[in-house]
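Novice: Take this sequence and fold it.
(one chain, ligands or ions: 1)
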Amino acid sequence: MLGQPRLDVETCESTQLLVDTSLPEGALVVADYQTGGRGRLGRSWAAPAGTSLLFSVLLKPPPHRPAPELSLVAGIAVADALERTLGLSVQIKWPNDVMLRRRKIAGCLAEARDGAVVLGVGVNVGQTADELPDDAGSFRTLTGRTTDREELLAMLLDDLGSRYAAWREGGLDAVYDGLGPRDFLRGRQVTVNGTSGVVTMVDRDGKLEIAVGHGETVKVSSGEVSYAR
Ligand code: BTN
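Specialist: Numbers count the residues shown, from 1 in each chain. Sure, this is the predicted structure:
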C-alpha cells in the first residue's frame, strides 16, 4: 500500500528531498508549502501555502521497468482521481502534465535516487489566476470549486497504488487504457528537440511519435514540447 509510513510537514524546501530512500516502498511525504519545489527539467514548482496538494512517494520498481515511465503512470493515476472527483474529462500531456480544459492542473516528477524512485506530484487546487502561470489552472479557476486536499490525496494514492501495481506487473502496456484515450498532444503540431511535426500518439513504450511528413515518423523519448495553442 502506498502512503505508509507518512510524514506531514507544514513547510519544507521540497518534498522530494525529504523522502528517505532507506524506508520501505510506499513511504510518503506531504507538505502544505515548499520553498524550493522542483519541476521537470530543472524548473521550479511554486504554490502559495494552503492552495496545493504536494507530495512525494518512495517507489522501488523492478530494475527491468524504465523508471521515466513512472511520470506517465502517475499522470494516469492523477487523471483517474481528478475525473472521478470532478466528473470532467482530463488529458495527459506527454510526458508528465495533467490537463483540464487545456490548462495544466497537475505535474508529476519521477527522480531516480539510491536505486529507488522518488515520485512527486503537485495538484493545483485553490490558487487564483494571479497565483498561477499563464498556461496553468487550478480546481478553483477551472471549475469554480475546490476540493478537500486530504480526500483527494487518499483517492489519488489509491489510484496510484493500482496503476503502479499493474505497471510493475505488465509495464506501460498494462495501464495504456488510461493513457491512449487521454493523449492531449495527439493531432497537434509540436516541436520537440528540434523535430517538428504532428503527434500521432504516445506509444506503448512511452515514446512520443511524431509524423514529420512524407510518411515518416520520429519517436522521441524525452524533451521539452512546444505546441501551438
Ligand atoms: C512538473 O510539472 O514539472 C513536475 C512538477 C512536480 C511538482 C511536485 S510538488 C511535490 C513534489 N515536490 C517537488 O519539489 N516537486 C514535486
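Novice: For the rest of this, base every contact and every neighbour count on C-alpha atoms.
Specialist: Fine.
Novice: so where does residue 33 fall, helix or strand?
Specialist: Assessed by DSSP states H and E, residue 33 sits inside strand 28-34.
Novice: Report whether that strand contacts the ligand.
Specialist: No. Under the criterion of Cα under 6 Å from any ligand atom, the ligand is not reached by strand 28-34; the shortest gap measures 7.1 Å.
Novice: what about whichever helix or strand comes after that strand, average pLDDT?
Specialist: Using DSSP H and E, the helix or strand that follows strand 28-34 in sequence is strand 52-59. Taken as a whole, strand 52-59 has a mean pLDDT of 98.
Novice: Contacts for strand 52-59, please.
Specialist: 2-3, 15-16, 19, 21, 24-33, 116-127, 149, 153 (Cα atoms under 8 Å, 6 or more residues apart in numbering).
Novice: so what strands line up beside the strand holding residue 33?
Specialist: Applying DSSP bridges, strand 28-34 is found paired with strand 6-12 (parallel), strand 52-59 (antiparallel).
Novice: Not including adjacent chain positions, what is the nearest residue to residue 68?
Specialist: In space, and not counting its chain neighbours, residue 68 is closest to residue 110: 6.4 Å by Cα to Cα, 6 or more residues apart in numbering.
Novice: Relative to residue 174, how far out is that neighbour?
Specialist: Separation of residue 110 from residue 174 (Cα to Cα, to the nearest Å): 19 Å.
Novice: Between the two, which has more neighbouring residues?
Specialist: The neighbour comparison of residue 110 against residue 174 (other Cα atoms under 10 Å) goes to residue 110, with 26 against 16.
Novice: sorry, back to before: okay, the angle between whichever strand or helix holds the residue nearest to residue 68 and strand 52-59?
Specialist: In this assignment (DSSP H and E), residue 110 forms part of strand 103-113. Counting by axes from the mean of the first three to the mean of the last three Cα atoms, to 10 degrees, strand 103-113 points 30 degrees away from the direction of strand 52-59.
Novice: Strand 103-113 packs against which elements?
Specialist: helix 69-86, strand 97-100, strand 116-124 (3 or more Cα pairs under 8 Å, 6 or more residues apart in numbering; DSSP states H and E).
Novice: so what's residue 126 up against?
Specialist: By Cα under 8 Å, 6+ apart, the residues touching residue 126 are 50-52, 138-141, 146.
Novice: Now for residue 6: which residues touch it?
Specialist: Residue 6 makes contacts with 27-30, as judged by Cα under 8 Å, 6+ apart.
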